[in-house]
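K.L.:
using only what follows, build the 3D model:
(one chain, ligands or ions: 1)
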Amino acid sequence: MATQARERRFEIVPMKMADLDGIMEIERGSFSAPWSRQVFVEELDREWAQVDVVRVRDGVMLGAIVGFVNYWLVRDEVHILNVASHPSARRQGHASRLLEHVIGFAHRHKCRYVTLEVRRSNASAIRLYRKYGFRPVGIRPHYYVEDNEDAIVMLLDLG
Ligand SMILES: CC(C)(COP(=O)(O)OP(=O)(O)OC[C@H]1O[C@@H](n2cnc3c(N)ncnc32)[C@H](O)[C@@H]1OP(=O)(O)O)[C@@H](O)C(=O)NCCC(=O)NCCS
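P.N.:
Residues are numbered from 1 along each chain as shown. So this is what the prediction gives:
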């Protein structure tokens, strides 16, 4: 019962223009080289792109955005470009909710894979992805141009 009540406190819905400020706050609090507003605006126009947000449905935080995910549907693959939760709302299951949501989307679209890149040093994110069955399948050397860090390519095989 407690879990059900908790789930009703949040909804995952497609991003609207009005959500941009909330998304940018999370983006800036999460990444050393945050994307610009323009990147997110452009995502809204791409037919194959999706940005979904976790929105609080009750209490003093009503309407606040506490996480988001950006992903592309490309043939039989979903590629996750960006996932983050608000720095003040971490370890509360928001990224897990978003990943479950994307994996469900991939199943419904009969995809074979979900893929993503993650910084080699990002232990929290790697642990999150492993929890959902992603495994490392390759390295992209010096993938992040700001500091030359390698990316690990991770893949979830949906069979
Ligand atoms: C990585 C990130 C998305 C996790 O978001 P979150 O909402 O805190 O994640 P959840 O509460 O759903 O945690 C799910 C699992 O992730 C892992 N995890 C998350 N934060 C962790 C941390 N600080 N240390 C270790 N493991 C962590 C754990 O396995 C956790 O499961 P558990 O709580 O049962 O141990 C969040 O820390 C974040 O936004 N980081 C900055 C942006 C980023 O690096 N995104 C990934 C880009 S590839």
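K.L.:
model confidence over the strand or helix carrying Val39, on average?
P.N.:
Using DSSP states H and E, Val39 sits in helix 37-45. For helix 37-45, mean pLDDT is 96.
K.L.:
chain center to it: distance?
P.N.:
15 Å (Cα atoms, centre = their mean, to the nearest Å).
K.L.:
whichever helix or strand comes after that helix pairs with which strands?
P.N.:
Note on helix 37-45: by DSSP H and E, the next helix or strand toward the C-terminus is strand 49-56. Using DSSP bridges, strand 49-56 pairs in its sheet with strand 10-14 (antiparallel), strand 65-74 (antiparallel).
K.L.:
how about those strands in CSV, adding mean neighbour count and distance to the ligand?
P.N.:
All C-beta spots, glycine's among them, are computed from the backbone N, C-alpha and C. Formatted as CSV, the strands paired with strand 49-56 follow (neighbours: other Cβ atoms under 10 Å; distance: least, Cβ to the nearest ligand atom, whole Å):
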stretch, mean neighbour count, distance to the ligand
strand 10-14, 15, 11
strand 65-74, 22, 6
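K.L.:
I'd like those laid out as TSV, including mean pLDDT.
P.N.:
TSV is the format used below for the strands paired with strand 49-56 (pLDDT from 0 to 100):
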stretch	mean pLDDT
strand 10-14	97
strand 65-74	98
